[in-house]
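1. test case, fold it:
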Amino acid sequence: MEPLPDEAPPGAYGGSRLTSDLETPEAHAFAGRGELAPAEPWADTGSVDAEILAAIAEQSDWMTDVLSELVRAPTTLGNEEPGQIVVEGALAEIGLEPVDVPMDGERIRAHPLAAPFDWNVVGKRNVVSTWMPRDGDAGRSLILNGHIDVVSPEPTTQWGDLDPFGAHREDGWMVGRGAADMKCGLAAILGAIKGLRALGLVPQAPITVESVVEEECSGNGTLQTLLDGYTADAAVIAEPFGAAITTSQVGVVWFSVRITGVPGHAAEGQHATNAIEKSLAVIGALRSLEADLNAAPPPPYDLFTHPINLNVGTIRGGDWASTVPGECETGYRIAMYPEMTVDGLKGRIEAAVSEATSDQPGAAEVRYNGFSSGGYDIPDDHPLVASLAHAFTTQAGTPPALVSTTGTTDAAVFGNVAGIPAVCFGPYAEAAHGVGERVYLPSVVQTAQVLGLFVRDWCSLT
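-> Numbers count the residues shown, from 1 in each chain. Reported below is the predicted structural model:
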């Protein structure tokens with residue numbers, strides 16, 4: 001759907017099948033805006049519900065403090081550890097024992113659905129903690145998942161006087177890289193568990209809290225937790241889709257095209273082959289592929305005006321203004337529908353590149369590094385969706401929207417790798433991956449409250 005005016009206040013909106021052109025990990029946000037719900041729409045709920053909601057609401061300041069600490073940790077790729085230390089401390093404060101799940105490059109690469117990567121993962125860790133039941137497994141087990149990594153805030157000059165990692169607060173919002181994507185969700189998960197434990201409640205099935213790395217580039221952090229045996233009957237990822245449950249997402253492939261041209265002096269350019277200019281032909285061919293993929297979208301992606309997006313994200317080529325560049329490498333991201341396969345899309349990419357460069361001197365090589373993930377969807381009437389929707393309706397007084405997104409999240413890792421039903425549900429935020437990224441703080445509390453009620457229903461609490 002097209003975005004509503006910026007002056008529209010954030011809040012809950014009625015249940016329907018909506019779309020979100022914004023996404024995780026590359027970019028994501030929310031399917032709509034509406035009138036703010038009453039401050040306490042749950043005032044007339046049953047006493048148990050009201051106790052849970054009130055206990056979690058009392059954690060509001062604590063959640064904001066944790067979120068501030070998380071945002072101030074600049075957890076870009078390779079620098080995730082300061083954020084994991086914050087999560088570790090928050091889990092200990094709640095009374096849960098944090099456990100390290102180190103990244104194991106060899107084991108990850110051996111998995112057929114792992115995303116390819118060429119960066120160093122030695123020393124990286126996911127932080128996991130399991131709230132164990134007191135007596136057996138009477139309920140259904142659950143994973144509450146969030147990622148600690150964020151994308152770069154560059155160019156920081158466009159942030160003006162604001163520090164991208166300053167956790168600036170104004171008018172009910174927190175501004176900063178990662179405030180939306182998705183440290184607000186981690187804060188909500190932690191606040192929900194803290195409130196439930198403050199009431200002395202105990203789940204009847206294991207609840208695993210996960211803070212994972214590398215969601216923004218591969219999904220391999222969540223994959224590592226699965227390889228280490230962390231599983232459950234369902235998973236909820238607290239990505240900030242704002243008053244909506246995300247039940248369908250596209251797949252994504254990252255790739256680069258390296259063009260080798262024929263270098264030479266600019267004064268005799270007719271005898272050389274410009275690798276940068278050859279890259280323009282490749283971009284054109286890939287745009288044609290993008291157009292083909294958008295020609296007849298299957299449901300629910302027929303609700304989008306342009307569901308499949310190609311992004312030209314990086315370019316490196318040339319080193320001297322008067323030398324015809326002999327090399328150029330461009331980096332891309334392209335999406336695909338859930339019914340498509342990664343290998344099938346790769347074949348179409350390689351065919352487009354080959355056709356665009358076949359009649360020119362030099363060579364073209366397609367490389368894959370980073371996301372290589374199929375799409376994922378879960379039926380709108382799945383028990384996980386129904387239970388979470390019921391919890392939202394109890395808290396907000398109106399049902400949530402069900403959302404399809406043109407981005408990808410770790411829900412695909414849970415679903416495609418382990419067969420674990422997974423959805424996304426989280427706070428309301430704006431400008432994820434952009435300048436002035438921010439989250440609406442009352443929605444963090446709302447998310448925590450909804451998660452608290454959902455945990456009560458899904459896992460059973462005594």
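2. near the closest residue to Gly264 other than its chain neighbours, how many other residues are there?
-> Spatial nearest neighbour of Gly264, excluding adjacent residues (Cβ to Cβ, 6 or more residues apart in numbering): Ala272 at 3.2 Å. Backbone N, C-alpha and C define where each C-beta goes, glycine included. Neighbourhood size, Ala272 [other Cβ atoms under 10 Å]: 19.
3. try Val127
-> Using other Cβ under 10 Å as the criterion, Val127 is surrounded by 24 other residues.
4. list the residues that contact it.
-> Each residue near Val127 by Cβ atoms under 8 Å, 6 or more residues apart in numbering is listed here: Gln84, Val87, Glu88, Leu91, Pro98, Val99, Asp100, Val101, Ile148, Glu210, Ser211.
5. let me know whether the last one touches Ala187 as I believe.
-> Going back to what we said before, that points to Ser211. No. Under the criterion of Cβ atoms under 8 Å, Ser211 is not in contact with Ala187, lying 10.9 Å apart.
6. contacting residues for the residue nearest to Gly264?
-> Contact analysis of Ala272 by Cβ under 8 Å, 6+ apart lists Gly261, Val262, Pro263, Gly264, His265, Val324, Gly326.
7. hmm, try it at 6 Å
-> Counting by Cβ atoms under 6 Å, 6 or more residues apart in numbering, Ala272 touches Val262, Gly264, Val324.
8. same deal with Ala431?
-> When contacts are counted by Cβ under 6 Å, 6+ apart, Ala431 touches Glu437.
9. need phi/psi at it.
-> Per-residue torsions, Ala431: phi 60, psi 30 (degrees, to the nearest 10).
10. how about Asn145?
-> Main-chain dihedrals, Asn145, degrees, to the nearest 10: phi -120, psi 140.
11. burial count for it?
-> 34.
12. if we can go back for a sec, make CSV out of the contacts of Ala272 and add distance to Thr157.
-> CSV is the format used below for these (distance: Cβ to Cβ, whole Å):
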residue, distance to Thr157
Val262, 37
Gly264, 36
Val324, 32
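13. of those - the most surrounded one?
-> Neighbour tally across these (other Cβ under 10 Å): the maximum, 23 neighbours, falls on Val324.
14. who's in contact with that one?
-> Pro263, Gly264, Gly269, Ala272, Asn274.
15. where's it relative to Glu277, distance?
-> From Val324 across to Glu277, the span is 9 Å (Cβ to Cβ, to the nearest Å).
16. relative to Gly436, which of the contacts of Val324 is nearest.
-> Asn274 (37.7 Å; Cβ to Cβ).
17. those helices in the stretch 1-150 of the chain, which residues are they?
-> Assigned by DSSP state H, counting those that start in this stretch, the helices in the stretch 1-150 of the chain fall at 47-57, 60-72, 81-94, 105-110.
18. so which elements touch the first one?
-> When contacts are defined as 3 or more Cβ pairs under 6 Å, 6 or more residues apart in numbering; DSSP states H and E, helix 47-57 packs onto helix 184-198, helix 441-459.
19. gap between the last one and the chain center?
-> Put simply, helix 441-459 sits 19 Å off its chain's centre (Cα atoms, centre = their mean, to the nearest Å).
20. touching that helix from outside, list them.
-> Helix 441-459 has contacts (Cβ under 6 Å, 6+ apart) with 52-53, 56-57, 60, 63, 139-140, 142, 172, 174, 184, 187-188, 191-192, 195-196, 203, 205, 207, 387-388, 391-392, 394-395, 426-428.
21. wait, which of the contacts of Ala272 is closest to Pro400?
-> Among the contacts of Ala272, and counting by Cβ to Cβ, the member closest to Pro400 is Val324, at 56.2 Å.
22. state the phi and psi torsions of the closest one.
-> Dihedral pair for Val324: phi -60, psi 120, per degrees, to the nearest 10.
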